[in-house]
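> return a 3D structure for these sequence lines:
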Amino acid sequence: MNSPTAARVPGKILVIDDDKSARLLLERVLSRAGHAVTLVDNGEQGLILLSKEPYDLIITDKNLPGIDGLEVLRLARQQIPKLQAIVITGFPTPETKSSARDLGVFSYVTKPFGILDILGTCDGAIKAARGG
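So this is what the prediction gives:
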């Protein structure tokens, strides 16, 4: 029987969040589930990594210094149209949720989030990235 925290579809995930504790929590939870996780603290670094290597999924905070998470996704999709993304935010607004939906994010998640919820969301997004 699989553990409820084991990834059903292990993947390569890029986490972009300027909050160190959020980055480290996501890294711990996702890597323990079997994912390969890369962490960066700003959108510019995230875009550089996305241009150099493929990822199954990006998880980006909406509010980042410099380029915000939605703009990161908009720019990344110019190079990788089918890129799957989860936007997380501690300050949800209807406008932000609508903008995220318009960009085709897999999920819009508010902080604090449940560990099992984020793992299930990641499984669904990676499965979708692989055409499943």
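
> helices of the protein, residue ranges please.
Using DSSP state H, the helices of the chain run over residues 20-32, 43-52, 69-79, 94-102, 115-129.

> buried residues in the shortest one?
By neighbour count, and taking 16 or more other CB atoms under 10 Å as the criterion, the buried residues in helix 94-102 are 96-97, 99-100. C-beta: built from backbone N, CA, C; applies to glycine.

> what sits up against stretch 70-80?
16, 43, 46-47, 50-51, 54, 58, 60, 62, 64, 67, 83, 85, 87, 96, 99-100, 103-105 (CB atoms under 8 Å, 6 or more residues apart in numbering).

> give the ChimeraX command for selecting the buried subset of those residues.
Burial among these is assessed by 16+ other CB under 10 Å; the matching ChimeraX selection reads:
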select :16,43,46,47,50,58,60,62,64,67,83,85,87,96,99,100,103,105
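
> on that earlier part again, can you name the two of the buried residues of helix 94-102 that sit furthest apart?
Across the buried residues of helix 94-102, the longest distance by CB to CB is 7.4 Å; it joins 97 and 99.

> pull the contacting residues for the spatially most central residue of the chain.
The residue lying closest to the centre of the chain (CA atoms, centre = their mean) is residue 59, at 1.2 Å. Counting by CB under 8 Å, 6+ apart, residue 59 makes contact with 13-17, 26, 85-86, 88, 122.
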